[in-house]
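S.K.: Kindly return the folded structure for what I paste below:
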Amino acid sequence: MKKTTSLRKLIEDEQILVAPGAHDVLTAKVIEKIGFSAVYMTGYGQAASVLGKPDVGLMTMTEMRDQARKFAAAVDIPVIADGDTGFGNAVNVIRTVQEYEQAGVAAIQLEDQIAPKKCGHMTGRQVVPLDEMLGKIEAAKSARKDKDFVIIARTDARTSLGFQEALKRSKAYADAGADVIFFESPESEEEMKKLNKELNIPTVANMVEGGRTPLFSAKELEKMGYSVVIFPTASIYTTAYSMMELMLEIKEKGSTKERMEKMIPFEEFNELIGLPKIREWEKNYLRGGM
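M.R.: Modelled structure (predicted):
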C-alpha cells in the first residue's frame, strides 16, 4: 500500500493517530522502531537541528525538501512534513507540493501566516488575507499527482484575530478542499472541544510543551474529536536537555564511564541505524578480495 493511502486510512480511523515529531532522521527511525504508525517532520526541529536557529522562517524550501526526502527514505512509515507557508505565493505552493510529493512524504502542512513565518506558539504572528490562503489550498490540490497525498491546512489566526476568525478560516479551508484542518494554538479545553464540534473534517492537535495550548493525552484528545496529534518539540527539547547533562559531566569528570547506563549500547545502536543490512549487502555483493 502506498504511504499516502496508508496515512489517509490512519487519519480516517476512529482511533487517533499519534505522530511524534522528529527533529532529525535518527529520531524518525527511533519513532518507527518504537512502533508508531507515522512521524511528523517538524519545521521547528529542522531549524534548530540543521541551522541552530529558531523557527522564524529561515529554512528554505529546498533545505526543507531535502530533509523531507531523507526522512521518507529512512523509514517505512508515512511522513507528515511541515511545509511552512509554502515558501511564497500560490505559484510557489505548486512547486513546493510537487517537490514534497516527489520527495516521498505522505502529507504536507501549509499555514496561513505571512512570510517569514514564526513558530505557531510564538507571539507576533500575522496571517495573510483569507482569500489568499484559499488560493494556496486550491493550488496545492491542483499540484499533487497522487490524489491520496494529504494536504493539511493550518490557520494561525487564533492568537492575533481571535477564536471565531480562526474557526471561520478553518471552515473555509475545509470547503476549499483541504483534507485535514490544523487549528493552531487554541487556548483552552473549551475551544478545543468547540472547534471539533464545528468542523466536519479531520483535525490535528498540536501538543507543544510550554506553548499556548493545554497539554492532553492522546486518548483525551481523541474524545474531543481530534483525528491526529503531533508532538513537534518534545524530541528536540529532550535531546538538548540530555546533551547539556552529558557535556557538563564530561567537562566536570572528564569521562563518560558513569553515564553508560543512560546510553543505547553499541550493538543496539548499530542495529537501529541498519548496520546488519549493510553487512548482508557486503556479503552478497562485494567482490575482489573483500
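
S.K.: Can you report how many residues lie near the nearest residue to Glu187 once chain neighbours are set aside?
M.R.: The shortest distance from Glu187 to any non-neighbouring residue, by Cβ to Cβ, 6 or more residues apart in numbering, is to Arg212 (5.7 Å). (C-beta placed from N, C-alpha, C; glycine too.) Look at Arg212: counted by other Cβ atoms under 10 Å, it has 17 neighbours.

S.K.: Buried ones in stretch 119-136, by neighbour count?
M.R.: 119-122, 125, 127-128, 130, 133-136 (16 or more other Cβ atoms under 10 Å).

S.K.: Over to stretch 215-235?
M.R.: Buried-residue list, stretch 215-235, by 16+ other Cβ under 10 Å: 216, 218, 220-222, 224-235.

S.K.: Please name the residues that touch Ala178.
M.R.: 137, 151-153, 201 (Cβ atoms under 8 Å, 6 or more residues apart in numbering).

S.K.: could you redo the last one with a cut-off of 10 Å?
M.R.: Ala178 makes contacts with 110, 133-134, 137-138, 140-141, 150-154, 170, 172, 201-202, as judged by Cβ atoms under 10 Å, 6 or more residues apart in numbering.

S.K.: go on, Arg212?
M.R.: Applying Cβ under 10 Å, 6+ apart, the residues contacting Arg212 are 120-123, 158-159, 184-188, 206.

S.K.: The same query, at a cut-off of 6 Å, please.
M.R.: Counting by Cβ atoms under 6 Å, 6 or more residues apart in numbering, Arg212 makes contact with 121, 185, 187.

S.K.: Would you map the helices across this structure?
M.R.: 3-12, 25-34, 43-46, 61-74, 90-103, 130-143, 157-161, 163-175, 189-198, 218-224, 234-253, 266-272, 275-285 (DSSP state H).

S.K.: What lies in contact with stretch 65-75?
M.R.: Residues contacting stretch 65-75 (Cβ under 6 Å, 6+ apart): 25, 28-29, 32, 41, 46, 79, 81, 99-100, 103-105.
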